[in-house]
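> I'll drop the sequence and a predicted model, then ask my questions.
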Amino acid sequence: MRPNVAVMDCGSNSTRLLVSSPEGATLHREMRITRLSEGVDASRRLTEAALARTRQVLEEFGVIARRSDPCDIVVVATSAVRDAQNRQEFVEMARAASGGEVAVISGHDEARYSYLGATAHLPVDERAPVVLDIGGGSSEIALQWDSRLWGTSTSLGCVRVSERCLGTGVIGAVETLRARDFIDEELARAASELPPLTDLAGRVRLVGLAGTVATLAQLVSSVVEYDRAAVHHRVLTRDQVRVWRDRLSPLTPSQRATIPGMVPGREDVIVAGLLVLEGVMDFFGVSDLITSEDDILDGVSADVRSGRRPVTM
């Protein structure tokens, strides 16, 4: 009997779970804000509080996963753990809390899994898909070009950009300019590593993943409670990104939290995410993007079902 597969993604801002059947049907999907990357950019260490928050969620997710016995449990950790000097402490904690195997994956593998998940069920389009996964500590860019899957990881996570450039309160012109300079520098570096990025400018279909994009979709549609059907494969325009960035920047996080559609736990980092999204859209010269709720979880799950395992960097 082939087991179900449970994948837990320990990202910089959220910890998420996908349980799927051997045939790939979704049995359970859940997300919790855990802010694992809190302070990592400055200290290069995962804090005890962040580890405790994540441990509690992994224990709960482990209980959910084992309800569908037998279940193959896999935990992947990304930017926050990659950057942390005490990442082995995290690995031991995550293994004990989840009851599964743990892999700290590279930025390239993170981009590859995001691409595999996001493009599996996209509506047909003649443009080449470029997948942008805006995380808390990093953002991954991936594309298929010349029979090769290209992927890179940047430091453009919404938590990192907030901590480094914007702060936690009202965001003014000085903070915005500082963030834009940082974003432009990182995108220039990414382009130097991935030559197709420059070649494809103006000719791509941007596919946006993760919390910033999903939250924007909810804000645009005024969806108060998460509704996958309302945010999955939705087209968002460059103008909508700008309008919401302009609307949210002058507000405090507590004020942003009251707006219908704002996902709790994202109110203090959403502007940073929108600035990253603006920067990438401008870089590629695109006026819109398509959202995807299929992401790294789906990519890892598909790989595990096919017999491949995530590899620690």
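Here it is on my side, so go on.
> use CA for all of it now, contacts and neighbours both
OK.
> could you give me the average pLDDT of stretch 26-46?
When pLDDT is averaged over stretch 26-46, the result is 88.
> do stretch 211-224 as well
Taken as a whole, stretch 211-224 carries a mean pLDDT of 90.
> Next, the distance between the ends of stretch 119-126.
From its first residue to its last, stretch 119-126 covers 13 Å (CA to CA, to the nearest Å).
> Looks to me like residue 144 is in a strand.
Yes: membership of residue 144 in a strand is supported by DSSP: H, G, I helix; E, B strand; the rest coil.
> Surely it and residue 150 touch.
Yes: the pair residue 144 / residue 150 is scored as a contact, 6.0 Å apart, by CA atoms under 8 Å.
> higher neighbour count, these two?
Neighbour count, other CA atoms under 10 Å: between residue 144 and residue 150, residue 150 has more, with 21 against 16.
> Tell me which residues touch the more buried one, please.
Neighbouring residues of residue 150 by CA atoms under 8 Å, 6 or more residues apart in numbering: 112, 142, 143, 144, 194.
> ok, now with 7 Å
For residue 150, the contact set (CA atoms under 7 Å, 6 or more residues apart in numbering) comprises 142, 143, 144.
> Residue 158 too?
So residue 158 contacts 135, 136, 137, 269, 270, 272, 273 (CA under 7 Å, 6+ apart).
> Compare those and tell me which is most surrounded.
The most crowded member of these, judged by other CA under 10 Å, is residue 136 (32 neighbours).
> Tell me if it really is in a helix.
No: looking at residue 136 with three-state DSSP, it is coil, so not inside a helix.
> Next SSE downstream of the helix or strand harbouring residue 230?
Per DSSP states H and E, residue 230 falls inside helix 228-231. Counting by DSSP H and E, the next helix or strand C-terminal to helix 228-231 is strand 235-237.
> That following strand: which residues count as buried?
residue 236 (16 or more other CA atoms under 10 Å).
> got JSON lines for the contacts of residue 158, with distance to residue 65 and pLDDT too?
Putting those into JSON lines (distance: CA to CA, whole Å; pLDDT from 0 to 100) gives the following:
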{"residue": "135", "distance to residue 65": "24", "pLDDT": "88"}
{"residue": "136", "distance to residue 65": "25", "pLDDT": "85"}
{"residue": "137", "distance to residue 65": "26", "pLDDT": "83"}
{"residue": "269", "distance to residue 65": "30", "pLDDT": "91"}
{"residue": "270", "distance to residue 65": "30", "pLDDT": "94"}
{"residue": "272", "distance to residue 65": "33", "pLDDT": "95"}
{"residue": "273", "distance to residue 65": "31", "pLDDT": "95"}
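> List just the nearest of these to residue 161.
Nearest to residue 161 out of the contacts of residue 158 is residue 272 (CA to CA; 5.9 Å).
> can you tell me how far the closest one sits from residue 244?
Relative to residue 244, residue 272 is positioned 12 Å away (CA to CA).
> Please identify which pair of the contacts of residue 158 lies farthest apart.
Among the contacts of residue 158, 137 and 270 lie farthest apart (CA to CA), at 13.2 Å.
> just checking, what packs against the helix holding residue 230?
Under the contact criterion of 3 or more CA pairs under 7 Å, 6 or more residues apart in numbering; DSSP states H and E, helix 228-231 touches helix 210-221.
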